[in-house]
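Asks: predicted model follows, preceded by the sequence.
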Amino acid sequence: MTKTTRALFGAPLLAAATVAAWWAWLGWETGYTVDPETGATSGPYAPWQVAGAVLSLALLAAAGGWWLSPWLVVPVMTVAFTAAWAAQAASTDGSGLWAVGAVLVLVGTAAGTTVVSLVARLVRRRTGRSAT
């Protein structure tokens, strides 16, 4: 399989898997939790949901960096995850602060996918393994 063919099929598959990871871990949660004793509000995500999403994205970025160029993996995953997150956040937030969150999600996703996909690519090159 050529690099071009791999990219043509891999990019949409990676984008779909990224959105699926968002939905599986975070997309279904919209409620906030109020502690009855302190009145403190938390949410909408529990720490285990965020950890699951981050681990899923790390696995996708590693696989993407192994089989695709990290320079393709980073924008595809960053745009897909940020768009999915922002679409839900914008629809449930009346304050407009979702835009600040979207920027933070964008930067964090870009940084994480860059590091993980580049490390995966370096490991593949150092081990002499082919992406096919």
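Replies: Good, I have the coordinates.

Asks: where is the longest helix in this structure?
Replies: When the chain is parsed with DSSP state H, its longest helix is helix 98-127.

Asks: buried residues in it?
Replies: By neighbour count on 16 or more other CB atoms under 10 Å, the buried set for helix 98-127 is 98, 102, 105-106, 109-110, 112-114, 116-118, 120-121, 124. Where C-beta positions appear, they are placed from N, C-alpha and C, glycine not excepted.

Asks: between these, which sits nearest Gly27?
Replies: When the buried residues of helix 98-127 are compared for distance to Gly27 (CB to CB), Val105 wins out at 13.2 Å.

Asks: so which residues of the chain form helices?
Replies: Using DSSP H, helices in the chain cover 3-22, 47-67, 70-92, 98-127.

Asks: by mean pLDDT, show me the worst of these.
Replies: With a mean of 91, helix 3-22 has the lowest mean pLDDT of those.

Asks: buried residues in that one?
Replies: Across helix 3-22, burial judged by 16+ other CB under 10 Å covers 6-7, 10-11, 14-15, 17-19, 21-22.

Asks: distance of the residue of the chain positioned farthest from its centre relative to Ala120?
Replies: In the chain, Glu37 marks the outermost C-alpha relative to the chain mean, sitting 34.6 Å out by CA atoms, centre = their mean. Using CB to CB, to the nearest Å, we find Glu37 at a distance of 45 Å from Ala120.
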